[in-house]
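Asks: coordinates only, no sequence provided:
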């Protein structure tokens, strides 16, 4: 017999006809373990289990809200204060009207609700509201299923109406009422105690060396056990750390920048024309408070203005550059650092930087499109850097995280020239998919940011596609931000 | 970047000498992504810098150049520069849509899919490059149906027989009832304080030819049998119109048509379109090699330039490239270097390691967060990550807390009603996570470390908070108090103290503040049942939140 089974039988010897709760305490094991032991004992025919029908009642969200007062109660109290009647247009709450009328508290006439005598009696606190009493009662008995069943029976009409209103959900189930040991059980227990082996190891047994003489009883190694509840790191955090670790190993310095940006740093310094569609409302989260972020570096502002006027020919507006927004790309961080490097006199080139962070898109969200996601950007700033250096860096990165056979193809971004895209082949979709975009930062930009004599290799990558891969089998990113502990505890480890 | 997709029938490439296999491979070679291909058709993604590749004729030209069937020449687009006709521009259009360009083409072949391709091309072109017709709109008319010279004007009212309609409609009716009218309603400008809409249009001596940028008239409809066409291009930028005229003229010339210029008469001055000039750019050979990291002879550079459509010639240590008029994206020598690289083949560039060694260095903030995370996981708390965007209902109403407008950061016109503000605290998100964990085994313990946002004297402050929640039947103040004591000891916050505190989200008398000197840096205690119920939680919860970093100081 399993240790738990013995404990349950011993507990029954002390108090026959025990309830589950009593067994839990007497046997000193969890409810789940008691139930499991009882299953085993029943199949051995060692116990008699008495069952009884019981009820449980769950309050809906609305039901919980109504614990502090029903809308119809509020309505009649409001009417009482208003002198006993009120125009219906001022009393919008339909549910309240329906139930107040149903209870005979009000009469409706010519678009007016008027308190009846019964209503006045109730509103002035002279009578009790049955529905409220029953709802409170159910909430109170929720942990006492036996009394709850009686209570439900006694207030059948009121309960039915609460169920209809969707405030409570009643479930009847069969539960264990009492357990008693029978002669088979007694016999089993006796033979168990004759068996001299040691069950649960105790401090006493250890120090007294009882085990030298008695030996140990073997356990059933396949007996079910209680589930562990491990505390774990969030998969997104774990994943971001893998990406960070990879760049760090490749000799890159981690940088970060503001989440709330000006259009200037997010778009203008990156040569994105001011009338470009992605700047429009549908893609970018602009802020309404604060609306603007001032650009204090006038010299830089003028250089960027010049770059736009020369490159795009259209009017360039300072107000547009000052719009406050949630960054749409971590490239904004790279742009800050290019400018900062230009301010520093001494610097060992090449400088290799990367950042990982959250970016935002104002999209209607569904299971595949979220408004927030992660991006990783990087730059290498130096004197003699080539496109071949960039392809080498990106190929190495992907090889390090286990993606072999990437393809590099031409692409277009307003801030790089030449531009490239890294793609991987998706077996499932039989298609090449984009992993990253990059290129050599346009001379117009390096010049405006003060790095005119340097070459800047830059790239940006979304992390979602890699994350889906790592969380193999996940087909929506929603669970990442729902944080259901059940999923957090049981999700598989990341595999790159 | 946003790309435009276009679809073509494979048989049209076949009849020009490119079978399906070579069509797909040529698209890849010239740097155009093939989105999908089946037995009869091919769909491609065109980058916004190459509108010339939205055009079937432009693609054929690029293919022919690439395979060497055609050697690009500066003489390719030489036409008679004498204008065949003119467009007279009225002053009325000045404030609303000031510029127009036009050209005439004769002996155009629009049979088969050619008309469809031409229309698709101009539509996609105006949608992307023309910023949804605001910056540029193009109209194509049957030249033989235009009577007399064309006038570009604007008025408060007018009438047109729109395409596919049998009778005349007033301009305002067109705007209201036609799908294109509704779609491009935002292009309409209003006049003065009365706010009456003012409509730009072109007309000949008889009729209104087009209500711009909504519809052409039915009378000048172009069909597969039309051979002579008049094209108008209107918009807000002279440069864009000039580029559009060049693109269309090159396309028509390459397809075998004859193109004739049109003079635009602005009164005091006049312009003739299309201009069709090649622009010359001298690129030093070493710049190409140093940019790509590839050793390449000048004759190769010339050959690669030719493959990408540039007439080119050696000039000392440099190569002279002549940018064809249909290329609207070439701003500097780098753009030409990129084209040389495309012709060379990106995958043929041998990777070269970046010279020199460097040490990786993590950001302090990330390290600090990681350290704290490990500590909390050790205490049995699982990590949660919530969105930075939230709303006032979750963050304030459910927490019985009051929103402070002067510190609250708000986004405008969110597409998701749940995302209207940026979070200033973490507990509300974790409460939502507890609600989502209903039915899971207790105790449920969660923590989050992450960004919070607020305004301080109109300045944006980004900070990092840490919060933890614990939900189970026996959760109580003492449990969180012991976590705090551990944290204070661990983090070495020797100055930190705990003081009684009031926060409407917590039970009065079971809530405390964590103090750093006189500053409240955190709060913890038992969550009030009212707060629990508002999140749909019916078990006790204790919670804690404190500022790990009050304000992040970004280094750049």
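Replies: Perfect, thanks for sending it. Owing to the predicted nature of the structure, the values given are computational and were not obtained by experimental measurement.

Asks: rest of the way, CA atoms for contacts and neighbours
Replies: Fine.

Asks: in the stretch 51-200 of chain A, which spans are helices?
Replies: If you assign secondary structure with DSSP state H, counting those that start in this stretch, the helices in the stretch 51-200 of chain A sit at A:61-66, A:71-81, A:94-102, A:117-123, A:130-140, A:145-154, A:156-164, A:183-194.

Asks: so for residue B:44, which of the ones you listed sits nearest?
Replies: For those, proximity to residue B:44 was assessed by Cα to Cα; helix A:61-66 is nearest, at 50.8 Å.

Asks: the residue in the stretch 1-150 of chain B that chain A sits nearest to: how many residues sit nearby?
Replies: Nearest residue of the stretch 1-150 of chain B to chain A: residue B:31, at 5.2 Å (Cα to the nearest Cα). Other residues lying near residue B:31 total 22 when counted by other Cα atoms under 10 Å in any protein chain shown.

Asks: residues in contact with the residue nearest to it when sequence neighbours are not counted?
Replies: Among residues not flanking residue B:31 along the chain, residue A:410 sits closest, at 5.2 Å (Cα to Cα, 6 or more residues apart in numbering or on different chains). Residues in contact with residue A:410, defined by Cα atoms under 8 Å, 6 or more residues apart in numbering or on different chains, are A:418, A:419, A:420, A:421, B:31, B:32, B:342, B:346.

Asks: give me the lowest-pLDDT entry from the residues you listed.
Replies: Lowest pLDDT within those is found at residue B:31 (89).

Asks: relative to residue A:16, how far out is the residue nearest to residue A:147 when sequence neighbours are not counted?
Replies: Leaving aside its sequence neighbours, residue A:147 sits nearest to residue A:141 (Cα to Cα, 6+ apart; 6.8 Å). If you measure residue A:141 against residue A:16 using Cα to Cα, to the nearest Å, the figure is 27 Å.

Asks: what about stretch A:333-352, start to end distance?
Replies: Span of stretch A:333-352 from end to end, Cα to Cα: 13 Å.

Asks: again, but for stretch A:206-214
Replies: End-to-end distance (Cα to Cα), stretch A:206-214: 12 Å.

Asks: can you pull the residues of the stretch 251-400 of chain B lying near chain A?
Replies: By the rule Cα under 8 Å from any Cα of the partner chain, the part of the stretch 251-400 of chain B lying against chain A is B:290-294, B:331, B:334-335, B:337-338, B:342, B:346-347, B:349-363, B:373, B:377-378, B:380-388.

Asks: kindly give a single PyMOL line that selects the buried subset of those.
Replies: The PyMOL selection below is limited to those of those classed as buried (16 or more other Cα atoms under 10 Å in any protein chain shown):
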select buried, chain B and resi 291+292+293+294+334+335+337+338+342+346+349+351+352+354+358+360+361+362+373+377+380+381+382+383+384+385+386+387+388
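
Asks: hmm, residue B:445 and residue B:376 touching each other?
Replies: No: assessed by Cα atoms under 8 Å, residue B:376 is found out of contact with residue B:445, at 9.8 Å.

Asks: any common contacting residues for those two?
Replies: Taking Cα under 8 Å, 6+ apart as the contact rule, residue B:376 and residue B:445 both touch residue B:382.

Asks: look at those two and report which has more neighbours.
Replies: Taking other Cα under 10 Å, residue B:376 and residue B:445 do not tie; residue B:445 has more neighbours (26 against 23).

Asks: after the host helix or strand of that one, next one along is what?
Replies: Assigned by DSSP states H and E, residue B:445 belongs to strand B:444-456. Per DSSP H and E, the first helix or strand lying C-terminal to strand B:444-456 is strand B:459-471.

Asks: what's that following strand in contact with?
Replies: With contacts defined as Cα under 8 Å, 6+ apart, strand B:459-471 is touched by A:258-260, B:381, B:425-427, B:430-431, B:434, B:442-455, B:539-552.

Asks: quick one: buried residues of that strand?
Replies: For strand B:459-471, by 16+ other Cα under 10 Å, it's B:460, B:461, B:462, B:463, B:464, B:465, B:466, B:467, B:468, B:469, B:470, B:471.

Asks: how close does the fifth one sit to chain A?
Replies: Read it as residue B:464. 12 Å (Cα to the nearest Cα, to the nearest Å).

Asks: pLDDT weak spots in the stretch 101-250 of chain A?
Replies: In the predicted model of the stretch 101-250 of chain A, residues A:142-143, A:145-146, A:194-196 satisfy pLDDT under 70.

Asks: show me what from it comes close to chain B.
Replies: So far as Cα under 8 Å from any Cα goes, the stretch 101-250 of chain A lies against chain B at A:229, A:230, A:231, A:232, A:233, A:234, A:236, A:247, A:248, A:249, A:250.

Asks: how about the fifth one, phi and psi?
Replies: I take that to be residue A:233. As for residue A:233, its main-chain torsions (degrees, to the nearest 10) stand at phi -70, psi 150.

Asks: counting neighbours, what do you get for it?
Replies: The number of residues packed near residue A:233 is 22, by other Cα under 10 Å.

Asks: that one contacts residue B:382, doesn't it?
Replies: Yes: using Cα under 8 Å, residue A:233 is in contact with residue B:382, at 6.2 Å.

Asks: domain-wise, how is the chain divided?
Replies: All of this refers to chain A. Domain assignment of chain A by automatic domain parsing yields the ranges A:3-53+A:175-214, A:61-167, A:237-490.

Asks: try again with chain B
Replies: With domains defined by automatic domain parsing, chain B comprises B:4-67, B:85-273, B:279-347, B:364-549.
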